[in-house]
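[1] Following is a predicted model, sequence given first.
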Amino acid sequence: MSSPDLLIIDKLVKRYDGLLATDDLSFSLREGELHAIIGPNGAGKTTLIKQLTGEIASDAGAIHFDGRPIRRLSEPARSHIGIARSFQITSLFPDFTVLENVMLAVQAHQGHSFRFWRATGKEERLIEPARALLDDMGMEDSADHLVAALSHGEQRQLEIAVALATKPKLLLLDEPMAGMSSEDSGHLVEILRRLKSRYSILLIEHDMDAVFSLADRITVLVYGRAIATGTPDEIRDNEEVRRAYLGEEA
Amino acid sequence: MTLLSPRVLINAALLLLLAALPFLTDMMGDSYYTGVTSRVLILAIAATSLNLLIGYGGMVSFGHAAYLGLGAYIVGIGAFHAIEDGIDWMLNGYYQLAATLILSALVALVIGAISLRTRGVYFIMITMAFAQMLYFTAVGIETYGGDDGLTIYSRSDMLGLIDLNDEKSLYYLIFFSFLAVLYLMHRLVGSRFGAVIRGSKSNEARMRAIGFSPYKYRLTAFIIAGTITGYAGFLMANLNDFVSPSMMHWTRSGDLIIMIVLGGIGNLFGPLYGTIAFMALEELLSSIPLTIGGLNVGEYWQIIFGPLLILVVLYARNGIDSFLPGTRERAK
Amino acid sequence: MDGLLLLEQVLNGFQLGLLLFLLAAGLTLVFGIMDMVNLAHGSLYMMGAYFCATFTGWTGSFLVGALLTIPAVFLLGVIVEMIALRNLYARDHLDQVLATFGLILFFNETTRLIWGPIGLSIPLPEFLSSTVEIIPGAPYPVFRLAIILMGLLVAGLLYFIVARTRLGMLIRAGASNREMIGALGINIRLLFTLVFGLGAALAGLAGLMAGPILSVEIGMGEGILILTLVVIVIGGIGSIKGAFIAAIVVGLIDTVGRSFLPEILKLVLSDDSASTAAPAISSMLIYLLMALVLAIRPQGLFPPKGVGK
């Protein structure tokens, strides 16, 4: 249970117009664990994801990933050392096919793209890994569909497939079940259960059933601060968490 | 996509017609249309390269005519010094061509490196500003005619390989150049590089998240497009025997954008159709044989063309392309 | 000689700067609030000049002509907004560039059709066409002085409207957060039309004031449109303050450059070359300034908060 820490967040700060979105936040994620972040709306969960991916700059504190400081790294550079994310609001390439979406992510991690001549549609090095991934996700039938033609549930799944195509060590999933039907979320929970043995995952999710059944550990975020970290059982029994958060939901 | 879809057939028929054009006009005994079509094809080269930026890459460059002028001025300046000062090698078409390609690439590198740091309206404006700088440079150089431009008394000397003074040879140089650019664009767009350019237009945030830094790819596309258009300028100077700053004026850049949109944006053949449509509209509207109250309607053709443009933008967003049969290429 | 000449040129620079500001103010608001590129703004400027020339001819008085012109251009702006531009707000910049480019063609040709290809002139009443000695020995045209005063007055008025009134609050809110004004239940369509009309009226005002000193001719809107675009881009799109500062700077550089560069260039070039090169170089200076500003600050000098992510 005590594998080494893959991600260490130390006193991380993000201010917006004097408002603290991330307030001296510290916690760590162990290699191989699925670590869920829960908290009421406005707790700063998506802000945290953006700070971890480098989409927005942090104002203070440190982020260590795989033993090295990464706060100063650009977003693409962080992707290359093994951090991948899915977006809370689906963010794909709508005018590309499903397969092309995944291929592009595969391509991003095969060296530079200053290759001007050969058609990507004939490059087995791109197609094969992309197809394998889609098979794995059970999406092989829609490989040639345009993203715009997919159902919401399928788009959410593709979000994750694109992230996986970058061969990450750490997956940051920002509310992967947002807006899904209960049937689709059930399906996604199964997928996540399979993924968690292969990847370290930071999961933000409002679906508490999913969180408590999947997570190894949970950190509770309120107003940009971690008020508790522990196993699902510990969190369920934590007085402060009940007061600050779960109490409101009940 | 089957090989012989109606769309492919139409495109092929058009290319065949263009290939045979000089002989057709010979038969009609009027070579006027060879010259006009040469002009159309040169502009189509420029528009096709601009389509890489606007149509596939979402970079609305509003200064593309500057490269046309750049290439044309090299031919003009070369001929000027060869004739005025007897510097014969400056008439050598290969030197002129090399200078054109290198200079337009360098200019595109500088303009792109700065402009691509900006987004949206700022990008449109800064590319226009740079083009205006070149425009005013041309206006300001008295030696090369300033505002009045420069008549080119001798076309580029291709050392016997092609005689550019022969209209037919020039036409085929232009035609095959266009074909080459079309094929190059086809390969580019489908390649890994093209995927990055299209992806960056489609969703830049996601591109960064999966590990791409679009800037250097965009800059490369910017340089490719600028260099090709510089080459088009080289051809244009040899066709017109004249170069002037007005070639680089911002409204000419606007015309190029209109051609792309008329033809259907982000579509390989779109710029060709758009250029033909643009030139045909100009020709047709300006020769409307209608006189109202003593006023010749054709003389005021832009009164019709302006609102037509608005209508195309509002209601026929995919231009001519939406009227052609068959599925649209996906990369919009 | 140079002290007085410099003073005169600086005043001329201010005068051009304030004209540019009148144009830029309307354009930057349209840009900022509606995220709309409007190349046809220069056409409204041109229409201001033509209307004023016509009304002055009819009434025999420049002042009455001017007073009639402003509501006329306002109305024209409103009509153009309702017919054409309204449908473009939701489109991308490329569409807006093209459609408003089409509007320019339309306006230019319609003007040629109505008023003919030869330009017009606007005669000034006597009290405006004289000169006044602001400093003894330095006579300065009263009309140019009037433009400066009018420009400052409008700038003050605009500042008051934007900073102190409810309309101004909505405009500022709109420039930084479009959804918010929608959420407030404001009739956005009406607000946009109103703002566009206001911008058109300011462009018309600039046109009618430029008419007597430049010349009233087709295409007069395009040169100044480009300068105006440069101004708002340097200033930061959506910012009135930025537009003001950038307009003055651009006006000064252009005017002072044009009058002093020939002298400077004559030191290194022949007289002929110098007089050809000087206006071109001073025009280039402006674009150079813009490129520099954008290279350092891609959002212009004073980008409104929340705009241009």
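    Looks like it arrived, so ask away.
[2] wait, B:Gly120 sits on C:His93?
    Yes - B:Gly120 is within contact range of C:His93, at 6.1 Å (criterion: CB atoms under 8 Å). Glycine gets a C-beta too; all of them are placed from N, C-alpha and C.
[3] longest helix anywhere in chain C?
    When secondary structure is assigned using DSSP state H, the longest helix within chain C turns out to be helix C:2-34.
[4] and the next element down the chain from it?
    helix C:41-59 (DSSP states H and E).
[5] Can you name the next helix or strand after that next one?
    Next helix or strand after helix C:41-59 toward the C-terminus (DSSP H and E): helix C:62-83.
[6] Which residues belonging to that following helix are considered buried?
    Under the neighbour-count criterion of 16 or more other CB atoms under 10 Å in any protein chain shown, helix C:62-83 has C:62, C:65-66, C:68-70, C:72-74, C:76-78, C:80-81 buried.
[7] CA atoms only: put that helix into CSV for me.
    What follows is helix C:62-83, C-alpha atoms only, in CSV (Å, rounded to 0.1, in the frame of the first residue of the first chain):
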residue,chain,number,x,y,z
PHE,C,62,-21.5,74.6,-42.6
LEU,C,63,-22.8,74.5,-39.0
VAL,C,64,-26.3,73.6,-40.0
GLY,C,65,-24.9,71.1,-42.4
ALA,C,66,-22.8,69.6,-39.7
LEU,C,67,-25.7,69.4,-37.3
LEU,C,68,-27.8,67.6,-39.9
THR,C,69,-25.0,65.2,-40.7
ILE,C,70,-24.5,63.7,-37.3
PRO,C,71,-28.1,62.3,-36.9
ALA,C,72,-28.0,61.3,-40.5
VAL,C,73,-24.9,59.2,-40.1
PHE,C,74,-26.3,57.8,-36.8
LEU,C,75,-29.3,56.7,-38.7
LEU,C,76,-27.3,55.2,-41.5
GLY,C,77,-25.2,53.3,-38.9
VAL,C,78,-28.4,51.9,-37.3
ILE,C,79,-29.7,50.8,-40.7
VAL,C,80,-26.5,49.1,-41.6
GLU,C,81,-26.3,47.4,-38.3
MET,C,82,-29.9,46.1,-38.5
ILE,C,83,-29.6,44.9,-42.1
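[8] Verify the contact between B:Met90 and B:Gly76 for me.
    No - counting by CB under 8 Å, B:Met90 stays clear of B:Gly76, with 10.7 Å between them.
[9] Mind checking which of those two has more residues around it?
    A count of neighbours by other CB atoms under 10 Å in any protein chain shown puts B:Gly76 above the other of B:Met90 and B:Gly76, at 27 against 20.
[10] got a list of what that one touches?
    Listed by CB atoms under 8 Å, 6 or more residues apart in numbering or on different chains, the contact set of B:Gly76 reads B:Tyr144, B:Leu150, B:Ile152, B:Ala237, B:Phe242, B:Val243.
[11] repeat for C:Gly102
    Going by CB under 8 Å, 6+ apart, the list of residues near C:Gly102 reads B:Phe305, B:Gly306, B:Pro307, B:Leu308, B:Leu309, B:Ile310, B:Val313.
[12] Please report how far the most far-flung residue of chain B relative to its centre lies from C:Ile218.
    Ranked by distance from the centre of chain B (CA atoms, centre = their mean), the top residue is B:Gly293, with 38.6 Å. Using CB to CB, to the nearest Å, B:Gly293 is found at 20 Å from C:Ile218.
[13] same check, this time on C:Ile234
    28 Å.
[14] Give me the nearest residue to B:Gly270, chain neighbours excluded.
    Once flanking residues are discounted, B:Gly270 sits nearest to B:Gly263: 3.6 Å by CB to CB, 6 or more residues apart in numbering or on different chains.
[15] I figured that neighbour hits B:Ala280, correct?
    No - taking contacts as CB under 8 Å, B:Gly263 lies outside contact range of B:Ala280: 11.9 Å.
[16] ok, those two, which is more surrounded?
    Applying other CB under 10 Å to B:Gly263 and B:Ala280 shows that B:Gly263 carries more neighbours, namely 27 against 12.
[17] For that one, report the pLDDT, please.
    B:Gly263 is assigned 90 on the pLDDT scale.
[18] contacting residues around residue 37?
    Chain wasn't specified; assuming chain A. Shown in contact with A:Ile37 (CB under 8 Å, 6+ apart): A:Lys45, A:Leu48, A:Leu202, A:Leu203, A:Ile204, A:Ile218, A:Thr219, A:Val220, A:Leu221.
[19] sorry, should have said chain C
    C:Val37 touches B:Val121, B:Ile124, C:Phe31, C:His93, C:Gln96, C:Val97, C:Thr100, counting by CB under 8 Å, 6+ apart.
[20] mind listing what's buried in whichever helix or strand the first one is part of?
    Of the helices and strands defined by DSSP H and E, B:Val121 is found in helix B:120-140. In terms of neighbour count (16+ other CB under 10 Å), helix B:120-140 has its buried residues at B:121-140.
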